[in-house]
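Peer 1: Okay, structure incoming, though there's no sequence with it:
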């Protein structure tokens with residue numbers, strides 16, 4: 001193998017590696033819990049504690065979106081935490097916080 005062929009092969013391998021690393025860094029957009037909490041009239045920490053799924057962990061795949069929260073369960077959880085929130089307010093807050101669809 002001559003030097004030119006080796007350099008071309010090395011460059012192609014480098015580009016493939018860089019593309020793979022970039023693809024791994026792409027994650028689904030996270031919901032804006034600050035906006036949702038403000039719309040519901042509760043602290044962000046309280047809302048975070050009532051959201052489903054593992055706390056503080058990223059999804060396993062770039063294509064995997066987190067489960068959509070159940071407004072009734074979030075309302076019940078906030079009620080247990082001492083906040084009086086209507087289910088309609090929770091639904092409006094969750095809708096406002098939803099990440100924009102991917103293009």
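Peer 2: Yep, that arrived. All values derive from a computational prediction rather than experimental measurement. Residues are numbered from 1 along each chain as shown.
Peer 1: need the helix or strand of this protein with the lowest average pLDDT.
Peer 2: helix 3-25 (a mean of 67; mean pLDDT, DSSP states H and E).
Peer 1: Nearest residue to residue 86 in space, ignoring adjacent ones along the chain?
Peer 2: Counting by C-beta to C-beta, 6 or more residues apart in numbering, the nearest residue to residue 86 once its immediate chain neighbours are dropped is residue 75, at 7.3 Å. The way it works is simple: take the backbone N, C-alpha and C, and place the C-beta from them, glycine included.
Peer 1: And residue 32, by the same measure?
Peer 2: Per C-beta to C-beta, 6+ apart, closest to residue 32 is residue 97, 4.8 Å.
Peer 1: list the contacts for that neighbour?
Peer 2: 31-33, 35-36, 39 (C-beta atoms under 8 Å, 6 or more residues apart in numbering).
Peer 1: Put together a markdown table for the residues you listed, with neighbour count, pLDDT and distance to residue 89 on each row.
Peer 2: Below are the contacts of residue 97 laid out as a markdown table (neighbours: other C-beta atoms under 10 Å; pLDDT from 0 to 100; distance: C-beta to C-beta, whole Å):
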| residue | neighbour count | pLDDT | distance to residue 89 |
| --- | --- | --- | --- |
| 31 | 19 | 75 | 16 |
| 32 | 14 | 81 | 16 |
| 33 | 16 | 87 | 15 |
| 35 | 14 | 86 | 13 |
| 36 | 25 | 88 | 10 |
| 39 | 17 | 88 | 7 |
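Peer 1: which SSE is residue 88 in?
Peer 2: helix 87-97 (DSSP states H and E).
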